[in-house]
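In: Provided below for reference: sequence and predicted model.
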Amino acid sequence: MLKHFVSAVTALCISAGAVYPIYTDNISSVSAEDLISGECGESLSWTLDSDGTFTIDGTGTMTPYNKSAVAEGIYPEWYEHKDKIKKIIINGSEDIADYAFYTFPEVTDVIISDSVKSVGNMAFAGCEKLKDIEIPESVNSVGLWAFYGTEWIKDRQAESPYVVVNDILIDATTKTLDAYNIPNVREIAGLAFKDTDVTSVYIPKTVEKIGNGAFMGCKNLKNVIFGHGQYENGQPKYNIKEIGQSAFSNCSSLENIYLPPSVSRIEKNTFANSGLRDITVYDYIDYIGEKAFNMCSNLEKIIIENPDCEIFDSDDTICSTGVIADGHVNVFQGTICGHTDSTAQAYFEKYAVSFMSMGIEKCKFRSLDFKYLAGDANMDNNTSISDSVAILQYLANAGKYPLSDDAKINADVFNAGDGITGNDAGAIQNFDAGVISKLPESFDDTYITWNSGDVFQWFPKQDFDGKGSVINDSIKINSFPEKTFIWKENIRYYTDGTKDIILEYAGYIGDFFFADLNDDGYPEMCLSETIGSGMPMDTIFIYDLHNDKSYSILDCSSGEHYKFQIDKETGQLTVYKWYEYSSLGSPETLIPQIINDELVLN
């Protein structure tokens with residue numbers, strides 16, 4: 001079956017429900033004298049008649065043409081007749097090759113038979129008079145800017161900023177500001193948003209592929225949110241599987257992005273010359289391609305969780321800048337975090353060059369195997385008087401007796417948060433002597449002081465645009481001195497400096513509490529969240545950081561809704577439960593507890 005795409009009055013007929021012919025056999029051109037002919041594949045031939053009708057007949061695939069060939073002046077053999085071609089009919093071929101009809105000035109009509117499965121890069125680009133195209137449902141792949149500059153694409157853009165062909169978003173180059181209403185397509189084609197002014201993008205949960213260069217050059221793009229479906233085993237289900245080469249290159253305002261667990265590769269140039277400041281390459285990603293993070297001058301930290309992740313072997317795979325010194329050398333000035341003896345560490349050791357004479361610092365490496373132990377300054381997995389000595393030596397001569405970044409976190413145990421001082425050495429001596437029973441001994445005012453029995457609610461800072469939207473905010477809490485909790489506009493997570501743990505990306509977290517639900521002396525993170533769209537579900541999530549466990553209520557099939565709230569009289573954390581319809585039950589206020597590793601509401 002063909003979808004008949006036309007313009008002007010004909011387009012109105014389509015929207016009114018007009019029915020077009022269904023083509024199942026090869027399409028025959030109008031009978032006319034064949035003037036010119038040739039071959040365009042092992043079993044494909046072409047003819048051009050005196051009426052200007054160009055026809056391809058046969059079976060199989062077309063002879064390939066690509067950008068390099070065109071750059072060298074190698075075109076399809078019918079290119080010399082392009083000024084005579086007015087109508088194109090594709091019969092039998094399984095594809096339309098890249099650049100097959102690039103900049104043909106007189107073409108007005110194209111008919112594609114249902115044998116065609118793909119339309120190549122720039123196939124009809126620059127055909128300025130092309131207005132009418134019949135594209136069959138058999139086409140499941142559309143290349144980069146296949147119809148760029150045609151009257152047909154301009155007519156579609158006038159109807160909607162999103163031009164969709166067979167479940168593929170092929171063009172959105174007229175879109176500005178937020179792109180939160182992208183249709184539920186299967187694919188976002190290459191260059192679809194190239195150089196647009198979009199600031200935020202919501203990728204629908206239906207999208208499986210983002211094509212090469214899809215968002216290349218979107219310099220105002222700050223937020224990329226991947227939609228997901230229902231939860232499975234407590235985790236959201238994503239459909240996105242492939243993010244193409246250069247997909248987010250030259251996106252200079254993009255400071256962070258979360259790559260869902262359905263994505264296993266970061267391709268060539270994906271984030272090259274972007275504004276990324278930090279990124280976590282999670283353990284489900286097994287490949288980082290050539291120049292993936294090339295020329296990322298703002299990148300301060302990259303976390304690579306997979307110890308066996310394949311990293312393209314070049315100094316420009318992860319780099320901040322290029323330096324001319326005995327040849328061109330690429331330098332990364334940030335921190336690479338990875339497991340000991342991992343591919344990340346091997347990459348660091350091979351390419352962590354330093355040009356101190358030019359003011360360029362050496363890259364740093366931090367191990368993901370780090371486990372926080374208050375006072376363990378010498379990293380021997382024990383806190384003793386020797387750690388006090390290590391701190392005093394560091395303070396006396398840091399060059400001779402350095403402390404790693406992990407060691408500095410452990411060592412900061414007096415007025416924690418103010419850096420390494422002699423008081424930290426003294427606190428460790430007091431702990432070793434039994435004068436104090438716990439480290440850190442004290443905290444500075446960057447920490448929230450939580451005491452057993454407290455319920456602390458985190459209200460993130462607001463901006464001043466009158467809309468009350470959340471801006472970046474972070475807190476530290478004394479119960480977990482090695483962790484920082486971060487709330488950004490579209491992401492909530494915590495970090496220990498080497499590993500970022502995502503709580504939710506672009507979810508709608510309503511309330512965020514710290515409260516001890518299992519009586520172990522450490523607070524759990526208690527979040528209220530709205531999941532889904534259309535008929536959203538209000539539910540709760542609990543993260544037990546001390547015991548590395550999580551709890552949630554995700555089965556709300558009977559129309560239940562849940563959220564955390566504080567009892568104003570007792571100050572106790574409670575769960576308010578209500579129903580979609582009052583006929584299902586009356587609202588209740590329940591007390592949450594964790595008993596024997598189970599969430600109980602009484």
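Out: Structure received.
In: got the residue ranges for the strands in the stretch 501-602 of the chain?
Out: Assigned by DSSP state E, counting those that start in this stretch, the stretch 501-602 of the chain shows strands spanning 508-515, 524-531, 537-544, 549-552, 560-566, 573-579, 588-590, 592-595, 598-601.
In: likewise for the stretch 351-500 of the chain?
Out: Taking DSSP E, counting those that start in this stretch as the test, the strands found in the stretch 351-500 of the chain are 364-367, 447-448, 455-457, 473-477, 484-488, 491-495, 500-505.
In: returning to that earlier point: now render the strands of the stretch 501-602 of the chain as TSV, adding mean neighbour count, distance to E267 and mean pLDDT.
Out: To be clear about C-beta, it is placed using only N, CA and C from the backbone, and glycine gets the same treatment. Compiled in TSV, the strands of the stretch 501-602 of the chain are given as follows (neighbours: other CB atoms under 10 Å; distance: least, CB to CB, whole Å; pLDDT from 0 to 100):
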stretch	mean neighbour count	distance to E267	mean pLDDT
strand 508-515	18	31	79
strand 524-531	21	30	84
strand 537-544	20	33	87
strand 549-552	16	32	88
strand 560-566	18	40	89
strand 573-579	18	44	92
strand 588-590	13	48	93
strand 592-595	16	42	94
strand 598-601	13	41	92
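In: make JSON lines out of those strands and add distance to K86.
Out: Conversion of these to JSON lines gives the following (distance: least, CB to CB, whole Å):
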{"stretch": "strand 508-515", "distance to K86": "54"}
{"stretch": "strand 524-531", "distance to K86": "54"}
{"stretch": "strand 537-544", "distance to K86": "57"}
{"stretch": "strand 549-552", "distance to K86": "63"}
{"stretch": "strand 560-566", "distance to K86": "62"}
{"stretch": "strand 573-579", "distance to K86": "65"}
{"stretch": "strand 588-590", "distance to K86": "73"}
{"stretch": "strand 592-595", "distance to K86": "73"}
{"stretch": "strand 598-601", "distance to K86": "70"}
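In: tell me which of the strands of the stretch 351-500 of the chain sits nearest to G585.
Out: Each of the strands of the stretch 351-500 of the chain was scored for nearness to G585 using CB to CB, and the closest is strand 455-457 (26.6 Å).
In: show me what that closest one is packed up against.
Out: With contacts defined as 3 or more CB pairs under 8 Å, 6 or more residues apart in numbering; DSSP states H and E, strand 455-457 has these neighbours: strand 508-515.
In: rewinding a little: where among the strands of the stretch 351-500 of the chain is average confidence lowest?
Out: Ranked by mean pLDDT, the strands of the stretch 351-500 of the chain end with strand 500-505 at the bottom, a mean of 68.
In: just the C-alpha atoms of stretch 47-63, please, in CSV.
Out: C-alpha atoms of stretch 47-63 as CSV (Å, rounded to 0.1, in the frame of the first residue of the first chain):
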residue,chain,number,x,y,z
THR,A,47,15.5,4.3,-19.3
LEU,A,48,14.8,7.9,-20.1
ASP,A,49,12.1,8.7,-22.6
SER,A,50,11.4,11.7,-24.7
ASP,A,51,8.7,12.9,-22.3
GLY,A,52,11.4,13.2,-19.5
THR,A,53,10.2,10.1,-17.6
PHE,A,54,13.0,8.3,-16.0
THR,A,55,12.3,4.6,-15.1
ILE,A,56,14.2,2.0,-13.2
ASP,A,57,13.1,-1.6,-13.7
GLY,A,58,14.3,-5.0,-12.5
THR,A,59,15.2,-6.5,-9.1
GLY,A,60,17.9,-6.1,-6.4
THR,A,61,19.8,-3.1,-5.2
MET,A,62,21.1,-0.1,-7.0
THR,A,63,24.8,0.5,-7.7
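In: relative to E187, which of the strands of the stretch 351-500 of the chain is closest?
Out: E187 lies closest, by CB to CB, to one member of the strands of the stretch 351-500 of the chain: strand 500-505, at 21.5 Å.
In: distance to E569 and mean neighbour count for the strands of the stretch 351-500 of the chain - can I get that in JSON lines?
Out: Rendered in JSON lines, the data for these read as follows (distance: least, CB to CB, whole Å; neighbours: other CB atoms under 10 Å):
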{"stretch": "strand 364-367", "distance to E569": "47", "mean neighbour count": "19"}
{"stretch": "strand 447-448", "distance to E569": "24", "mean neighbour count": "18"}
{"stretch": "strand 455-457", "distance to E569": "13", "mean neighbour count": "16"}
{"stretch": "strand 473-477", "distance to E569": "25", "mean neighbour count": "18"}
{"stretch": "strand 484-488", "distance to E569": "28", "mean neighbour count": "19"}
{"stretch": "strand 491-495", "distance to E569": "29", "mean neighbour count": "20"}
{"stretch": "strand 500-505", "distance to E569": "30", "mean neighbour count": "18"}
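In: to C40, which of these lies closest?
Out: Across the strands of the stretch 351-500 of the chain, the minimum distance to C40, taken as CB to CB, is reached by strand 500-505, at 47.4 Å.
In: parallel or antiparallel, which strands does the helix or strand hosting G38 pair with?
Out: Element membership for G38, per DSSP states H and E: strand 34-41. Neighbouring strands of strand 34-41 in its sheet, by DSSP bridges, are strand 44-49 (antiparallel).
In: next helix or strand past the partner strand?
Out: Once the chain leaves strand 44-49, the following helix or strand, as judged by DSSP H and E, is strand 53-58.
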